[in-house]
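Enquirer: What would the 3D arrangement of this be:
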Amino acid sequence: MQASYNAHSSRSPRTLREILAVVLWQIRENDTNYPVRYGLIWEAMGLACQLGYPAGVRVDYDAIEPRFPIIAYIELPAGQVSWHMPPHTVDWDGHTTDEKLGRISDFVSDTWGIHTTATTYRRGVIL
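Expert: Got it, this is the predicted structure:
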């Protein structure tokens, strides 16, 4: 019998490990729905890092399929899992760290409706 995760199940995940399990199952269920799968892979990698599981990306310069040269990895207790991913399609715009922080502040200001500056948030601390 094949297991299936029902997103409408009455049992909600309570731990990061359970949330990661749900996201990994969603990746499995969306294996060929690439736009959905890619977002889930990034989410799974973030959760894996929070759990202390090694996760990251590598470039496969000899990729058989050159449209997907990025490989995302997670080292689960059950073993390594990986997925081929497309590269980011927009070139770096040359922004500096200060410009980056300013853009983040602008996004937060627009989202939360509060005034921020580039120095308001540093490493997760409100200054």
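Enquirer: Just give me the residue right at the centre of this structure.
Expert: For the chain, the residue whose C-alpha lies nearest the mean C-alpha position (CA atoms, centre = their mean) is Trp42; its distance is 2.0 Å.
Enquirer: That residue belongs to a helix?
Expert: Yes: when DSSP: H, G, I helix; E, B strand; the rest coil is applied, Trp42 is found to be in a helix.
Enquirer: Let me see the confidence value for it.
Expert: pLDDT, Trp42: 97.
Enquirer: who does the residue lying closest to it once chain neighbours are set aside bridge with?
Expert: Spatial nearest neighbour of Trp42, chain neighbours left out: Ala72 (7.7 Å); criterion: CB to CB, 6 or more residues apart in numbering. For glycine as for every other residue, the C-beta is placed from the backbone atoms N, C-alpha and C. Per DSSP bridges, residues listed as beta-bridge partners of Ala72: Val57, Trp83.
Enquirer: my guess is Ala72 meets Asp60, correct?
Expert: No: in terms of CB atoms under 8 Å, Ala72 does not count as a neighbour of Asp60; the distance is 11.1 Å.
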